[in-house]
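> model the structure of this input:
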Amino acid sequence: MMSTYIYASSAISTQNNLIGETVFDSLVSIEKNKDLIEPNYGEYIKPMVIRRMSKATKMAVTCAFSCLKVVGNEPLDAIIIGTGLGAITDTEKFLNVSISSKDKMLSPTAFIQSGHNSIAGQIALLIKNDCYNMTHVQQGLSFEHALLDAILNLSEGKKNVLVGGVDEKTPLLGALATRFQLDADIQNQLSEGSAFFVMGPKKNKAITRIKAVCIMSFTNADKAIESFLKNNGLSFDDVQKGFLGNNMSTNKLSQLPIDTLVYTDYSGRHFSSSAYGVYLASEYLGYNKSTKFALVINVAANNKLGLTLIESV
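Okay, the predicted model is just below:
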């Protein structure tokens, strides 16, 4: 796999850990619907622009700008985002206006802002970037697809790639969760958040390295993970820390032979929560230099698995 290094990372979540914070000093587990801890968006986005943005867009733009500041605002060769629901608030607004308008002419603004790719597009517009711009929408595996796309872009010679995952929560999602009688654990941890990274091929600028990414179906998750590690020349004994996400799944893994932190107990559950898992894993390796490998395990659905192996540098 193409050497892919993380140069900078930033996250907005239910934890108080936007860039510059020592996240593991203040992690608080979620028992029931903990609110997002939002930064002062005005420090990153002009007030006239903020008022037209959905929460998902504000989170994504703020995380993106935070990362770019770390790397000295170097030009980006690609902007790649994974999101399960995109700007769902704007989508709801557009649909409500469409229903209430009774076939009258509608403003195109609501439609444009409701697109899943509007978030990546807004970032590109604000930094005046006209390079590769892609949004991946594969439900709970959206971020892993974005990561794979970033790796392919770097293998083609690109130098700086912005990769992120973002999803927002609306009251409608809670109502739908109740209507479809989702598991109580899922309903209590429904959440939102954003995590972004600047990645590239140079080791000397890196915090950590993405060694491998894999998306698979499984019948036995433990064996699937063991096979993934073996394909990368490792075993469970080589991985010192695991970061497990029970995203929108009630599937329970058996006890893995790895010291494991369940990141969805801290980020909550949303389609792109695995981006926060990668953020935590990278931060952990950055602060624990004696740890060589960390594995992010995203149980996206009852038979779908996303695996990201991260290495210290």
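> after the helix or strand harbouring residue 210, next one along is what?
Taking DSSP states H and E as the criterion, residue 210 maps to strand 208-217. The helix or strand immediately downstream of strand 208-217 is helix 221-231, counting by DSSP H and E.
> how close does residue 62 sit to residue 121?
16 Å (CB to CB, to the nearest Å). Glycine gets a C-beta too; all of them are placed from N, C-alpha and C.
> swap that for residue 81, sorry
10 Å.
> so the two - more neighbours on which side?
residue 81 (32 against 18; other CB atoms under 10 Å).
> quick check, residue 86 in a strand?
No - counting by DSSP: H, G, I helix; E, B strand; the rest coil, residue 86 is not found in a strand; it is coil.
> let me know how buried residue 73 is, in neighbour terms.
11.
> to clarify, my last question referred to residue 198.
Neighbour number of residue 198 under other CB under 10 Å is 25.
> what about it, which SS state?
Going by three-state DSSP: residue 198 is strand.
> could you double-check that it sits in contact with residue 162?
Yes - assessed by CB atoms under 8 Å, residue 198 is found in contact with residue 162 at 5.7 Å.
> what residues are shared contacts of these two?
67, 68, 76 (CB atoms under 8 Å, 6 or more residues apart in numbering).
> which strand or helix spans the last one?
Yep, that's residue 76 we're talking about. Per DSSP H and E, there is no helix or strand for residue 76.
> is it in contact with residue 159, as I believe?
No - counting by CB under 8 Å, residue 76 does not reach residue 159; the two are 9.0 Å apart.
> between those two, which one's more packed in?
residue 76 (25 against 15).
> who are the contact partners of that one?
Here residue 76 is in contact with 68, 127, 129, 131, 160, 161, 162, 198 (CB under 8 Å, 6+ apart).
> what does it show for phi and psi?
phi -90, psi 140 (degrees, to the nearest 10).
> ok, it to residue 197 distance?
12 Å.
> for residue 226, same thing?
27 Å.
> which one of these two is surrounded by more residues?
For residue 226 versus residue 197, the count of surrounding residues by other CB under 10 Å is larger for residue 197: 31 against 16.
> that one touches residue 164, doesn't it?
Yes - shown here, residue 197 and residue 164 form a contact pair, counting by CB under 8 Å, at 6.9 Å.
> can you pick the most crowded of the contacts of residue 76?
residue 162 (29 neighbours).
> burial count for the nearest residue to residue 117 once chain neighbours are set aside?
Of all residues beyond its chain neighbours, the one nearest residue 117 is residue 135 (4.1 Å), with distances taken as CB to CB, 6 or more residues apart in numbering. As a burial measure, residue 135 scores 22 neighbours (other CB under 10 Å).
> residue 275 versus residue 135, what's the distance?
For residue 135, the distance to residue 275 - CB to CB - is 13 Å.
> residue ranges with poor pLDDT in the stretch 51-200 of the chain?
Across the stretch 51-200 of the chain, the ranges flagged by pLDDT under 70 are 108-114, 180-181.
> mind doing that once more with 80?
Residue ranges of the stretch 51-200 of the chain with pLDDT under 80: 87-115, 172-188.
> what segments of this protein are strands?
4-12, 78-82, 132-136, 161-167, 193-200, 208-217, 241-246, 260-262, 293-301, 304-312 (DSSP state E).
> for residue 82, give me its contacts.
Residue 82 neighbours (CB under 8 Å, 6+ apart): 135-138, 142-147, 163-165, 272, 275.
> pick the most buried one from the strands of the chain.
Among those, strand 161-167 has the highest mean neighbour count (mean count of other CB atoms under 10 Å), at a mean of 30.
> who are the packing partners of it?
Other elements packing on strand 161-167 under the criterion 3 or more CB pairs under 8 Å, 6 or more residues apart in numbering; DSSP states H and E are helix 55-70, strand 78-82, helix 142-155, strand 193-200, helix 273-287.
> make it 6 Å
Packing contacts for strand 161-167, counted by 3 or more CB pairs under 6 Å, 6 or more residues apart in numbering; DSSP states H and E, involve helix 55-70, strand 78-82, helix 142-155, strand 193-200.
> how about TSV for these, with distance to residue 291 added?
Shown next, in TSV, are those (distance: least, CB to CB, whole Å):
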stretch	distance to residue 291
helix 55-70	22
strand 78-82	26
helix 142-155	21
strand 193-200	19
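> out of those, flag the one nearest residue 100.
helix 55-70 (22.6 Å; CB to CB).
> ok, and what's touching the closest one?
8, 10, 12, 19, 41, 44-45, 87, 119, 122-123, 162, 166, 168, 194, 196, 198 (CB atoms under 6 Å, 6 or more residues apart in numbering).
> buried ones in that helix, by neighbour count?
55-68, 70 (16 or more other CB atoms under 10 Å).
> between those, which is nearest residue 302?
Distances from residue 302 to the buried residues of helix 55-70, taken by CB to CB, are shortest for residue 56, at 26.2 Å.
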